[in-house]
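> Quick check, what structure comes out for this input:
(one chain, ligands or ions: 2)
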Amino acid sequence: MTTVLITGGAGYIGSQVVLALQDSGCHPVVLDNLSTGFQEAVPAGVTFVRGDAGDAALVEAILTRTGACAVMHFAALMVAPESVREPLRYWQNNLGATIGLLEGMVAARVRLLVLSSTAAVYGIPDTLPVGEDAVCRPINPYGSSKLAAERMVAEAAAAHAARYVTLRYFNVAGADPAGRTGQRRAGATHLIKVACEAALGQRMAVDIHGSDYATSDGTGVRDYVHVADLASAHVAALHHLLGGGESLTLNCGYGRGHSVREVLTAVGRAAGRPVPWRVAPRRPGDPPAVVARAENVRQRLQWQPQYDSLDRIAADALGWERRMMERDGSGLAAAGG
Ligand SMILES: NC(=O)c1ccc[n+]([C@@H]2O[C@H](COP(=O)([O-])OP(=O)(O)OC[C@H]3O[C@@H](n4cnc5c(N)ncnc54)[C@H](O)[C@@H]3O)[C@@H](O)[C@H]2O)c1
Ligand SMILES: O=c1ccn([C@@H]2O[C@H](COP(=O)(O)OP(=O)(O)O[C@H]3O[C@H](CO)[C@H](O)[C@H](O)[C@H]3O)[C@@H](O)[C@H]2O)c(=O)[nH]1
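Residues are numbered from 1 along each chain as shown. Ligands and ions are numbered 1, 2, ... in the order given. Now for the predicted structure:
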């Protein structure tokens with residue numbers, strides 16, 4: 001059976017990919033320091049190691065012991081506005097830990113990597129939709145640290161006869177359609193989760209960060225991709241590498257943008273009542289609009305998304321939020337408004 005080391009597998013996206021790998025007959029092994037992840041997100045029966053993805057000796061030991069043939073690297077910090085306030089922490093975790101991971105892979109002679117990257121590497125794109133060949137000019141430390149990690153992976157792969165698929169995710173949202181995992185973090189900043197919390201009365205309102213951008217309705221535009229489709233892109237990337245495919249860097253989005261107001265309307269539709277909102281100042285480090293040119297991922301990985309709909313994303317995100325709320329009995333006071 002194909003064994004794959006998943007760093008960050010106790011997080012939102014990593015845990016969805018663990019499920020997708022299991023569903024496809026692979027054997028995932030999770031390494032996570034639980035800094036933002038949850039052990040309960042790792043399915044029963046999956047080997048879980050609590051530790052740092054940057055601990056080269058630990059990575060080497062896990063890879064050797066489990067006979068893993070590939071690594072998927074999700075472990076990172078990923079909140080763009082937070083990175084503006086704490087750049088060194090982002091560089092340390094997103095680049096520094098990736099150095100240790102690669103050292104461990106080199107020592108264990110594991111030469112296949114799927115790397116989580118982000119649309120934040122593009123900054124404010126000159127043209128939309130933005131293609132993989134666009135100039136990368138990140139506008140926040142999150143994007144800069146991820147771009148540096150991408151480059152380091154490419155250089156290390158060339159030196160050590162390794163191959164990689166770097167997936168630049170656009171805005172990942174929704175939850176497992178079967179309800180097994182989703183966004184568990186409290187104090188969320190991502191729009192769709194925030195909107196679901198507001199729809200369920202866990203916070204007073206959604207702050208619309210900027211209503212005077214040069215977009216269709218003045219609010220920020222993003223390409224929202226369902227987390228289950230993203231997970232299937234990872235399985236496809238793994239098979240590409242296992243089949244001897246060349247290194248690739250691919251956008252992962254649907255190629256369609258939605259404004260903040262459109263998102264709030266979709267979540268309101270799913271909830272059966274409008275999402276309360278108020279206009280707030282722009283957030284530092286926020287580009288006005290980011291939409292993927294997304295043909296390459298479909299062509300190179302034969303990726304066929306199944307949940308390409310804002311309504312589906314909103315419904316699955318809301319369903320998950322409802323389950324979490326019922327489980328925790330949380331309300332407005334617990335969420336801090
Ligand atoms: N959520 C998005 O919209 C989005 C968009 C683009 C890219 N990404 C990328 O996807 C990846 C996963 O993001 P997510 O949304 O699942 O975030 P998350 O915070 O839910 O998951 C990250 C996981 O990594 C773990 N982790 C962090 N640093 C670690 C370290 N040094 N060693 C071991 N474990 C560590 C955390 O405990 C957590 O379980 C990240 O690389 C992120 O940059 C996310
Ligand atoms: O309470 C909120 C939250 C967000 N927004 C707006 O909604 C849009 C999306 O914001 P998110 O915080 O949901 O996501 P970001 O676009 O900031 O960033 C996300 O997507 C990026 C890729 O595009 C990165 O990968 C990053 O990891 C991830 O945080 C932006 O226009 C933002 O200003 C609001 O108006 N109010």
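> Run a quick neighbour tally on whatever residue of the chain ends up closest to ligand 2.
Here the residue of the chain nearest ligand 2 is Gly220; by CB to the nearest ligand atom that distance is 2.1 Å. Bear in mind the C-beta positions are built from the backbone N, C-alpha and C, glycine included. Residue crowding around Gly220 was assessed by other CB atoms under 10 Å; the count is 24.
> again with Ala61
A total of 16 residues lie near Ala61 under the criterion other CB under 10 Å.
> before we move on, what about Arg273?
Per other CB under 10 Å, the neighbour tally for Arg273 reads 11.
> How about it: what's its closest non-neighbour residue?
With CB to CB, 6 or more residues apart in numbering as the criterion, Arg273 has its nearest non-adjacent residue at 7.0 Å, and that residue is Ala199.
> still on that earlier bit, ok, now how distant is the residue of the chain closest to ligand 2 from Arg283?
As defined by CB to CB, to the nearest Å, Gly220 lies at a distance of 9 Å from Arg283.
> which residues do these two both contact?
209-210 (CB atoms under 8 Å, 6 or more residues apart in numbering).
> contacting residues around the closest residue to Phe170 other than its chain neighbours?
Nearest in space to Phe170, with sequence neighbours left out and distances taken as CB to CB, 6+ apart, is Gly253 at 3.4 Å. Gly253 is in contact with 119, 169-171, 223, 225, 291-292, 294, counting by CB under 8 Å, 6+ apart.
> Tell me if I'm right that the residue nearest to Arg273 and Ala266 touch.
No: judged on CB atoms under 8 Å, Ala199 makes no contact with Ala266 at a distance of 10.5 Å.
> Check the contact lists of those two and give me the overlap.
Here Ala199 and Ala266 share no contacting residue, scored by CB under 8 Å, 6+ apart.
> hang on, Gly285 in a strand?
No: Gly285 sits outside any strand when classified using DSSP: H, G, I helix; E, B strand; the rest coil, being coil.
> how about the helices in the protein?
When secondary structure is read from DSSP state H, the chain shows helices at 12-23, 56-66, 80-85, 87-91, 97-108, 141-159, 191-199, 227-242, 260-271, 295-301, 310-328, 332-335.
> Return the most buried member of those.
Comparing these on average neighbours per residue, with mean count of other CB atoms under 10 Å, the densest one is helix 191-199 at a mean of 26.
> pLDDT below threshold where in the stretch 1-150 of the chain?
Along the stretch 1-150 of the chain, segments meeting pLDDT under 70 are nowhere present.
> again with the stretch 201-337 of the chain
330-337.
> Now with 90, please.
Of all residues in the stretch 201-337 of the chain, those with pLDDT under 90 make up the ranges 284-287, 327-337.
> Spell out which residues of it are next to ligand 2.
In this structure, the stretch 201-337 of the chain approaches ligand 2 at residues 206-209, 220, 222, 260, 283, 286, 290, judged by CB under 6 Å from any ligand atom.
> Domain boundaries for this protein, per the record?
Recorded structural domains for the chain (assignment: automatic domain parsing) are 3-173+225-252, 191-222+255-335.
> I figured the residue of the chain closest to ligand 2 hits Ala289, correct?
Yes: under the criterion of CB under 8 Å, Gly220 makes contact with Ala289 at 6.9 Å.
> Can you work out which residues contact both of the two?
Common contacts of Gly220 and Ala289 (CB under 8 Å, 6+ apart): Tyr213.
> before we move on, back to that, quick one: the residue nearest to Arg273 from ligand 1, how far?
If you measure Ala199 against ligand 1 using CB to the nearest ligand atom, to the nearest Å, the figure is 19 Å.
> dump the residue contacts of that residue.
Contacts of Ala199 (CB under 8 Å, 6+ apart): 267-268, 270-271, 273, 275, 318, 321.
> Quick one: those as TSV, columns for distance to ligand 1 too.
Shown next, in TSV, are the contacts of Ala199 (distance: CB to the nearest ligand atom, whole Å):
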residue	distance to ligand 1
Val267	16
Gly268	21
Ala270	19
Ala271	21
Arg273	26
Val275	19
Leu318	17
Glu321	15
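> Closest one of those to Arg109?
Sorting those by distance to Arg109 puts Glu321 at the head of the list, at 43.1 Å, by CB to CB.
> That closest one: what's it in contact with?
When contacts are counted by CB under 8 Å, 6+ apart, Glu321 touches 182-183, 193, 196-197, 199-200, 202.
> that older thread, can you list the residues of the stretch 201-337 of the chain next to ligand 2 in a markdown table and add distance to Ala75?
What follows is these, written out as a markdown table (distance: CB to CB, whole Å):
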| residue | distance to Ala75 |
| --- | --- |
| Val206 | 29 |
| Asp207 | 29 |
| Ile208 | 31 |
| His209 | 27 |
| Gly220 | 27 |
| Arg222 | 23 |
| Val260 | 29 |
| Arg283 | 25 |
| Asp286 | 24 |
| Val290 | 23 |
